[in-house]
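Peer 1: Mind looking at a prediction? Sequence and model below.
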Amino acid sequence: MRSQTSRSHQNSRQVRSAGSRFWRYGPLIAWAILIFVGSGNILSAAHTSILLRAVRWLFPNVRDESLAVFHLLVRKAGHLTEYAILATFAARAFRTSSHALLRRHWLWISLLLAIAYALTDEFHQSFVPSRTASIYDSLIDSVGALIGLMIIWLRLRKSAPERRRASARNLVS
C-alpha cells in the first residue's frame, strides 16, 4: 500500500515539475521561434517598408532621405527590443530553474544565450535571399539583451533591501 501511495505522489510531482518547466521555458522557446520566423522573409526591409506609407501619409512633405533614416532606426530598434525580450524570458527561466548553476549565474547564462542566438540568427539570414547577414545586427541584438538584463538586475538589486526588511519584520513578529 505504501509503495503505491509513494509512486502516485512521485508521479504527480513529476507532472507538476514538467508543467512548471513548460511555464518557465515555454515563453523563451516561443519567443526564439518568433525571432526565427521573423528573420525570414516576413520581416525583411521590403515588408517593413509598409510603415513608411503611414509616415508619408502623416507627413506628406518628408524627404526620402529622412524616411530611409527613419526606416533604419525603426528596424534597429526592433533588433534591440526583440533581444531585450529574449534575454528577459531567459532570465525569468534561469532565475527560477531547479538547477542551482542556472539560478546562480542567470545573468551571464542569459546573456550568452542571447548572444549565441543573435549570431545564429544572422547566420540564418545569410540563407534568406531578401535578407542580409550583419555582425553589426548581432552586436545590436547583444546590446539589447544586455540592456534588458541590466534593467532586471537593477530592479532586483533595488528590491533586495526591501525584501530583507520585510523578512526581518516577519521574523520579529
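Peer 2: Okay, I see it. Numbering: from 1, shown residues only.
Peer 1: C-alpha only now, for contacts and for neighbours.
Peer 2: Will do.
Peer 1: where does the chain have low pLDDT?
Peer 2: 1-19, 43-49, 164, 166-169, 171-173 (pLDDT under 70).
Peer 1: do that again at 80, thanks
Peer 2: Low-confidence segments of the chain (pLDDT under 80): 1-19, 41-52, 160-173.
Peer 1: And the helices in it, which stretches?
Peer 2: 2-38, 45-48, 50-58, 64-95, 100-104, 106-125, 135-172 (DSSP state H).
Peer 1: possible to save those as TSV with mean neighbour count?
Peer 2: Formatted as TSV, the helices of the chain follow (neighbours: other CA atoms under 10 Å):
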stretch	mean neighbour count
helix 2-38	13
helix 45-48	12
helix 50-58	12
helix 64-95	19
helix 100-104	15
helix 106-125	20
helix 135-172	15
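Peer 1: Residue 137 and residue 79 touch, don't they?
Peer 2: Yes - between residue 137 and residue 79 there is a contact at 7.2 Å, judged by CA atoms under 8 Å.
Peer 1: got a list of what the residue nearest the centre of the chain touches?
Peer 2: Central residue of the chain (CA atoms, centre = their mean): residue 86, 0.9 Å from the mean position. If a contact means CA atoms under 8 Å, 6 or more residues apart in numbering, then residue 86 has 28, 31-32, 114, 145 as its contacts.
Peer 1: Can I get these in TSV including distance to residue 99?
Peer 2: Shown next, in TSV, are the contacts of residue 86 (distance: CA to CA, whole Å):
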residue	distance to residue 99
28	17
31	22
32	22
114	19
145	22
